[in-house]
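1. sharing a sequence plus its predicted fold:
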Amino acid sequence: MTTALIDLRTVARDDRDLRVALAGELDFYTARQVQPRLRELADTGCRNLVLDLYGLSFCDSAGIELLVRLDGRCRRAGTRLLLCDVPPLVAKSMRVLGADRGLRFVVS
């Protein structure tokens, strides 16, 4: 079994906002790899958690489910999850699954 690679890194941080970039493939296996770190970031108390998805080459339903659950965790923590630079195919998958109705997208 081959596991696709995923990269999660902090791009910028200030008193209110935290910007994090995801790159690679967000699928069933890699979602489980980044989930603990994303949970930690959701609980940091920042006002906005900006998740830059520009570097995603693939995202399946497990990856989208992770983003939806992360949004719920952020809301409970008083943080806004904002998705930016969402690749067109990922955005299309979100629309098909109805996930785009609850998630917030921003233009960077």
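-> Arrived safely.
2. from here on, contacts and neighbour counts on C-alpha atoms
-> Noted.
3. shaky segments in the chain?
-> Within the chain, the stretches with pLDDT under 70 are 1-4, 108.
4. tell me which strands the lengthiest strand in it pairs with, and in which orientation.
-> For the chain, the strand with the greatest residue count under DSSP state E is strand 48-59. Note on strand 48-59: by DSSP bridges, its sheet partners are strand 17-26 (parallel), strand 80-84 (parallel).
5. tell me which strands and helices the helix or strand just after it is in contact with?
-> As assigned by DSSP states H and E, the chain's next helix or strand after strand 48-59 is helix 61-77. Judged by 3 or more C-alpha pairs under 8 Å, 6 or more residues apart in numbering; DSSP states H and E, helix 61-77 is in contact with helix 28-42, strand 80-84, helix 88-97.
6. centre of the chain to the second one, how far?
-> Think strand 80-84. Offset of strand 80-84 from its chain centre (C-alpha atoms, centre = their mean, to the nearest Å): 8 Å.
7. hang on, isn't Leu38 packed against Leu70?
-> Yes. With contact defined as C-alpha atoms under 8 Å, Leu38 counts as touching Leu70 (7.3 Å).
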